[in-house]
Structures are given as C-alpha cells and as structure tokens.
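1. Need coordinates for the following:
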Amino acid sequence: MLINIGFGSFVASERLVSVLSPDSAPIKRMVQDSRERGRLIDASYGRKTRSVLVTDGGCVILSALTSEALAERMGYTSEGETEYEQD
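-> As a prediction, the model looks like this:
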C-alpha cells in the first residue's frame, strides 16, 4: 500500500521500518550520515522536517508531516492497532 508522505510523494508502507521524530541528536546524525552516503531523500520540499522515515533498503526519507499524521494515514489508531488488522 502506498502512503502519501506529503506534497504528492508516496512511499510503500511495506518497505518502512520506522517513522521517527527528527529532534534527537542520534536521528540528526543518522540523517547527516545518510546525506553523505547519498541515501537521503528529502520529500519535505523545503519545509521544516517533522518526521524521518527509514526503509528496509537503508534509505532515509524526510517528510514535512508529523509522525502522528503519517501513522494516521497508515491506519494506526492511538492504541497502536491498525484499522486494517485481519482476524
């Protein structure tokens, strides 16, 4: 399933490993390391980065949407369950 990460950009939800807040020093270092290795995708389009997405292929994606907004778009509820869970 493709998830809209803002401004017409999409990412395959099955490729996501994590959605992180960009505020901590370790995350900032991870973003900088990814930039230096050429593995960074800036999908924030010049806006403030509000979340950092990490894929299973080692790419790091910057988004202007918050982690909560992305989780909501992926169907996660505040209790951590998905709306799409199968029985």
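
2. Tell me where this protein has strands.
-> 2-6, 9-12, 16-20, 40-42, 51-55, 60-63 (DSSP state E).

3. can you put those in CSV and add distance to Gly75, mean neighbour count and mean pLDDT?
-> (Glycine included, C-beta is placed from N, CA and C.) Below are those laid out as CSV (distance: least, C-beta to C-beta, whole Å; neighbours: other C-beta atoms under 10 Å; pLDDT from 0 to 100):
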stretch, distance to Gly75, mean neighbour count, mean pLDDT
strand 2-6, 9, 18, 94
strand 9-12, 14, 15, 96
strand 16-20, 13, 16, 95
strand 40-42, 23, 16, 97
strand 51-55, 16, 21, 98
strand 60-63, 17, 24, 98
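
4. Point out where this protein drops to low pLDDT.
-> 77-87 (pLDDT under 70).

5. residue ranges for the helices of it, please.
-> 25-37, 67-73 (DSSP state H).

6. What separation do you get for the residue positioned nearest the centre of the chain and Ile3?
-> In the chain, the residue lying closest to the centroid (C-alpha atoms, centre = their mean) is Leu53, at 2.6 Å. As judged by C-beta to C-beta, to the nearest Å, Leu53 and Ile3 stand 9 Å apart.

7. Now the common contact residues for the two.
-> Residues within reach of Leu53 and of Ile3 at once, by C-beta atoms under 8 Å, 6 or more residues apart in numbering, are 11, 16, 70.
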